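**Q** Structure here, sequence nowhere to be found:
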């Protein structure tokens, strides 16, 4: 069966394509400049970068789960959560991902895995306990849409050259420090390492901005996917409002209970809100709610 | 922590921040006049109970400390162990200022005996609202946060807590990171 991507939004598709091609263009320019300047070491360099990219790609699910402290739970440990995910997967025509729980009070969730077959969905204890079941469904459907849209793959590919540029920046620095800066194409010219360094830095910065833009578009797409899977965008809307509200940052647990497992405090849960939208991985809440209520109107659902 | 300490990697383990505890006595006026909250006549300090090895020595010292603080302040001191393995020293005194002074003296005494890092929190109870209001002072953080349990299970009145924060944060060092506002359920106050 041919699987269509979830929902259609011409404007969104266009912006994604535009950002994608800008990113591609940037990399072509980057590559051309580099080949002009650097004539050696291309093969080993590519081998390294491709190796790292593959490693990242194949371990992405395990890395993300380990980094967030999520524990994979079997059916008997969280039967209701498993039931809910199974229902949503049936709706979305997806294989069932692994299910993980993060032991914090702040409601949140994420999906990871390079393909639907290797996916995992993690939710925090706070999400499960503090949101209404339909709201949890909305959030889970959003995460499953990420899986269905293959967002880990997209982001790995998109950040491939950013990584290359990052590596070259480092090589450039070492080259400048240890390799003797005197070698240049003509004796009066700028040293090669400096050109490589500058080009790499610029590429790195620009590609990051574009990658974040793509990431935000994927969020909109996943919101849309959630609306279509559950058929009720209003629940995702109220879930988003709850997740971002201050009240749900206040924990439910006892101080004495937490103090005995204080390893938790190593990971900062607060995210700086001050950064401009250009540098955010998620779109601002108002924009997401706006887009969702637009979808709700299209679907003829009640909007609060 | 200055830049130099960052560069040299000299992060010190935070000692207990005792002094800011006194801010509560000035905030008491606002609590009373604006929110109608008055001290319920009890405050407490909670710290991690000692390991078996330290126990005998510390036990004598602690008893001496409590006796001397009790005679000095005239407050009534009680000692309780709770189910989490923490020890409470409860101060019963109608006057909030006396509670704060006594608890400060106990904290100071514990720190002098080398148990400063075991100090967890000081808790003060206020009456006059819909539910009893607790102000918790975290020794690790050197800041207060409000805690309003509704009495059923582990539920808290978050709206009331946020209002308390808004009203009091000008005169009280209130913990700004809401994810650290852990409650102290069933406090023996």
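**A** Arrived safely, thanks for sending. This structure is a prediction, so every number in the text was calculated from the model and none was measured.
**Q** Which parts of the helix or strand hosting residue B:68 count as buried, going by neighbours?
**A** According to DSSP states H and E, residue B:68 maps onto helix B:52-73. By 16 or more other C-beta atoms under 10 Å in any protein chain shown, the buried positions in helix B:52-73 come out as B:58, B:61, B:62, B:65, B:66, B:69, B:70, B:73. For glycine as for every other residue, the C-beta is placed from the backbone atoms N, C-alpha and C.
**Q** Check stretch B:127-134 too.
**A** Across stretch B:127-134, burial judged by 16+ other C-beta under 10 Å covers B:132, B:133, B:134.
**Q** give the contact list for the nearest residue to the first one once chain neighbours are set aside.
**A** Okay, so that is residue B:132. Sequence neighbours aside, residue B:125 is the residue nearest to residue B:132 in space, at 5.9 Å (criterion: C-beta to C-beta, 6 or more residues apart in numbering or on different chains). Residue B:125 makes contact with B:39, B:40, B:41, B:42, B:43, B:132, B:133, B:134, B:187, B:189 under the criterion C-beta atoms under 8 Å, 6 or more residues apart in numbering or on different chains.
**Q** what's the neighbour count on the fourth one?
**A** Counted with other C-beta atoms under 10 Å in any protein chain shown, the burial measure for residue B:42 works out to 20 neighbours.
**Q** So it lies in a strand, does it not?
**A** Yes: assigned with DSSP: H, G, I helix; E, B strand; the rest coil, residue B:42 falls within a strand.
**Q** Wait, it touches residue B:102, no?
**A** No: at 11.1 Å, residue B:42 does not count as touching residue B:102 under the criterion of C-beta atoms under 8 Å.
**Q** so what sits against both of these two?
**A** B:91, B:93.
**Q** Tell me how many other residues crowd residue B:104.
**A** Close neighbours of residue B:104, defined as other C-beta under 10 Å, add up to 17.
**Q** Now do the same for the closest residue to it other than its chain neighbours: its pLDDT.
**A** Take residue B:104 and drop its neighbours on the chain: the residue closest to it by C-beta to C-beta, 6+ apart is residue B:21, 5.6 Å away. Residue B:21 carries a pLDDT score of 90 in this model.
**Q** residue contacts, residue B:75?
**A** Here residue B:75 is in contact with B:91, B:92, B:93, B:98, B:99, B:102 (C-beta under 8 Å, 6+ apart).
**Q** Please determine how far it is located from chain A.
**A** Residue B:75 sits 24 Å away from chain A, going by C-beta to the nearest C-beta, to the nearest Å.
**Q** Now do the phi/psi pair for that residue.
**A** The phi and psi values for residue B:75, taken as degrees, to the nearest 10, are phi -80, psi 160.
**Q** before we move on, back to that, out of the contacts of residue B:75, the closest to residue A:235 would be?
**A** Taking C-beta to C-beta as the measure, residue A:235 lies nearest residue B:99 of these, at 47.1 Å.
**Q** so the closest one sits right up against residue B:123, yeah?
**A** No: using C-beta under 8 Å as the test, residue B:99 is too far from residue B:123 to be in contact (10.4 Å).
**Q** continuing past the helix or strand bottoming out on mean pLDDT in chain B, what's the next helix or strand?
**A** Lowest by mean pLDDT, DSSP states H and E among the helices and strands of chain B is helix B:3-8, with a mean of 66. Next helix or strand after helix B:3-8 toward the C-terminus (DSSP H and E): helix B:23-35.
**Q** In three-state terms, label the closest residue to chain B within the stretch 1-150 of chain A for me.
**A** Relative to chain B, the nearest point of the stretch 1-150 of chain A is residue A:106 (6.0 Å; C-beta to the nearest C-beta). Three-state call for residue A:106 (three-state DSSP): coil.
**Q** surely it meets residue A:125?
**A** No: taking C-beta under 8 Å as the definition, residue A:106 is not a contact partner of residue A:125, at 9.3 Å.
**Q** and the two? which has more neighbours close in?
**A** Looking at residue A:106 and residue A:125 with other C-beta under 10 Å, you find the greater number of neighbours at residue A:106, namely 19 against 16.
**Q** What residues does chain B have near chain A?
**A** The interface of chain B toward chain A, taken as C-beta under 8 Å from any C-beta of the partner chain, is made up of B:46, B:48, B:82, B:84-86, B:120-121, B:136, B:138, B:154, B:156, B:158-159, B:161-162, B:177-185.
**Q** mind running it again at 7 Å?
**A** Applying C-beta under 7 Å from any C-beta of the partner chain, one finds that chain B approaches chain A through B:84, B:86, B:120-121, B:154, B:158, B:161-162, B:177-179, B:181-185.
**Q** so where's the stretch 151-300 of chain A shaky on pLDDT?
**A** Applying pLDDT under 70 to the stretch 151-300 of chain A flags the ranges A:161, A:170-190, A:193, A:259-280.
**Q** Tell me where it has helices.
**A** Shown for the stretch 151-300 of chain A, the helices assigned by DSSP state H, counting those that start in this stretch span residues A:151-158, A:160-178, A:192-230, A:233-244, A:255-259, A:285-299.
**Q** how about TSV for these, with mean neighbour count added?
**A** Shown next, in TSV, are the helices of the stretch 151-300 of chain A (neighbours: other C-beta atoms under 10 Å in any protein chain shown):
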stretch	mean neighbour count
helix A:151-158	18
helix A:160-178	18
helix A:192-230	21
helix A:233-244	21
helix A:255-259	18
helix A:285-299	16
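**Q** among the ones you listed, which is nearest chain B?
**A** Proximity to chain B (C-beta to the nearest C-beta) singles out helix A:255-259 among these, at 3.8 Å.
**Q** Distance check, the residue nearest the centre of chain B against residue A:137.
**A** Closest residue to the average C-alpha location of chain B: residue B:122 at 1.0 Å, with C-alpha atoms, centre = their mean. Going from residue B:122 to residue A:137 by C-beta to C-beta, to the nearest Å gives 43 Å.
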